[in-house]
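Undergrad: Structure for the following, please:
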Amino acid sequence: MAIPYPPNGIAGVIDEKVGQYKPMAMDAEQHLAPTEAIAELVSIVAQLRDPKGGCPWDLEQTHASLIPCMLEEAHEVADAIRNGDDNHLSEELGDLLLQVVLHAQIAKEEGRFNLEDIARGISKKLIRRHPHVFAEAVAMDSEAVRQSWESIKASEQPGPTSNSPLSDRLRSNVRGQPALAGAMAISKKVANVGFEWNTIDGVWGKVQEEFEELKEAVEHEDQAHAQTELGDVLFTLVNVARWCGLNPEEGLAGTNQRFLDRFSRVEAALEGQLSGQALTELEQLWQEAKAAIREEANDKKISN
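TA: Residues are numbered from 1 along each chain as shown. Predicted coordinates for the structure are as follows:
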């Protein structure tokens, strides 16, 4: 259990500790190598954004135009982690870091903030939100850490009094997340305060109800209604995942990969000529690919 600071002054009390904290000593090589490497990257990005000799593409970029790039790189980092590929992970983390430096450079050019401001800001936040490490608070387990983090975070941004504080926080928290991750975050939070089915049978019942409503909307060719109902089906399936301790994002990512593994074999068997093939032949090739992949996986387990 965490030992809390005074409820009305937690952020201020911890801020006093932030100024007192000094990082652990490092030898020169540990300290300078990453600093020099980051400085080199910052210099390269600044040159790319130089109006007198930079890259036309980089010069056209704004915070808004870079959003798809940032999201793509984050997903590629996740993919590298899933595949356990260190070389790929290192490369993709570099691509993600480039996005951070680009955003910092754009802001610096406009006199708003720079990379140093970003680094100092996150350092202060980490110290402030870990009083069990950098101050005198105690957290015996990860749940205590989570509760302390949420308490400190809430005290940092004490907005106006609201009749729906949990909804307000969730709306703010999920606005930048992928939809599946946001749905899981909402589902977990509202379940924690009692907005929950008594058993998983209730969840399955809701899945069936939402599925029937989606089917009806599709049958009536009501595109807007069908879109709404599709969202309801997916949100309810996220609740099934939460009840079962499953990760919907990981599940869907795995299905995407399995589909492509099987489909590539179907495509190869037809030498890339997919058009005009009978559905029965495609289904047979699909089942053959599925069986072959399963057999190869079993052989690999045996050999290991």
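Undergrad: ok, residue 229 - contacts?
TA: With C-beta atoms under 8 Å, 6 or more residues apart in numbering as the criterion, the residues that contact residue 229 are 210, 213-214, 216-217. (Glycine included, C-beta is placed from N, CA and C.)
Undergrad: buried subset of those?
TA: Buried members of the contacts of residue 229, counted by 16 or more other C-beta atoms under 10 Å: 210, 213-214, 217.
Undergrad: List the buried residues in the host helix or strand of residue 291.
TA: Element membership of residue 291 [criterion: DSSP states H and E] is helix 279-303. Within helix 279-303, the residues that qualify as buried by neighbour count (16+ other C-beta under 10 Å) are 285-286, 289.
Undergrad: go on, stretch 215-234?
TA: Here stretch 215-234 shows 217, 226, 229-230, 232-233 as buried, counting by 16+ other C-beta under 10 Å.
Undergrad: from those residues, which is closest to residue 45?
TA: Within the set of the buried residues of stretch 215-234, residue 230 lies nearest residue 45; the separation is 40.5 Å, counting by C-beta to C-beta.
Undergrad: The contacts of residue 229 into a markdown table, with extra columns for distance to residue 238 and pLDDT?
TA: Putting the contacts of residue 229 into a markdown table (distance: C-beta to C-beta, whole Å; pLDDT from 0 to 100) gives the following:
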| residue | distance to residue 238 | pLDDT |
| --- | --- | --- |
| 210 | 12 | 97 |
| 213 | 17 | 97 |
| 214 | 15 | 97 |
| 216 | 22 | 96 |
| 217 | 20 | 96 |
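Undergrad: Go through those residues and say which is closest to residue 237.
TA: Using C-beta to C-beta, the contacts of residue 229 come closest to residue 237 at residue 210, 8.8 Å.
Undergrad: Settle this for me: that closest one is touching residue 236, isn't it.
TA: Yes - counting by C-beta atoms under 8 Å, residue 210 sits close enough to residue 236 to count as a contact (5.1 Å).
Undergrad: can you redo the buried residues of helix 279-303 as TSV with distance to residue 297 and pLDDT?
TA: What follows is these, written out as TSV (distance: C-beta to C-beta, whole Å; pLDDT from 0 to 100):
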residue	distance to residue 297	pLDDT
285	19	94
286	17	94
289	13	95
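Undergrad: now stretch 98-111: how far from the chain's centre is it?
TA: 22 Å (C-alpha atoms, centre = their mean, to the nearest Å).
Undergrad: change the start of the numbering to 48 and stick with it
TA: Sure thing, new numbering starts at 48, so read that last one as stretch 145-158.
Undergrad: any idea where the helices of the stretch 98-247 of the chain begin and end?
TA: Listed in chain order, the helices of the stretch 98-247 of the chain (DSSP state H, counting those that start in this stretch) span residues 103-107, 114-129, 133-156, 162-175, 178-181, 189-203, 212-221, 226-239, 247-266.
Undergrad: Distance to residue 321 for those helices - can I get that in JSON lines?
TA: Formatted as JSON lines, the entries for those read as follows, by distance: least, C-beta to C-beta, whole Å:
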{"stretch": "helix 103-107", "distance to residue 321": "35"}
{"stretch": "helix 114-129", "distance to residue 321": "25"}
{"stretch": "helix 133-156", "distance to residue 321": "29"}
{"stretch": "helix 162-175", "distance to residue 321": "48"}
{"stretch": "helix 178-181", "distance to residue 321": "56"}
{"stretch": "helix 189-203", "distance to residue 321": "49"}
{"stretch": "helix 212-221", "distance to residue 321": "39"}
{"stretch": "helix 226-239", "distance to residue 321": "30"}
{"stretch": "helix 247-266", "distance to residue 321": "26"}
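Undergrad: For residue 294, find the nearest of those.
TA: helix 226-239 (7.9 Å).
Undergrad: Quick one: closest of the helices of the stretch 98-247 of the chain to residue 304.
TA: helix 114-129 (8.3 Å).
Undergrad: Now do the same contact list for residue 123.
TA: Taking C-beta under 8 Å, 6+ apart as the contact definition, residue 123 lies against 139, 142.
Undergrad: pLDDT at it, what is it?
TA: Residue 123 is assigned 92 on the pLDDT scale.
Undergrad: same question, residue 54
TA: Among the per-residue scores, residue 54 holds a pLDDT of 39.
Undergrad: again with the one 10 residues further on
TA: We note a pLDDT of 53 for residue 64 in this prediction.
Undergrad: thinking again about what came up before, determine which of the helices of the stretch 98-247 of the chain approaches residue 307 most closely.
TA: Shortest distance between residue 307 and the helices of the stretch 98-247 of the chain, using C-beta to C-beta, is found for helix 114-129: 12.1 Å.
Undergrad: and the angle from the closest one to helix 133-156?
TA: Here helix 114-129 runs at an angle of 150 degrees relative to helix 133-156 (axes from the mean of the first three to the mean of the last three C-alpha atoms, to 10 degrees).
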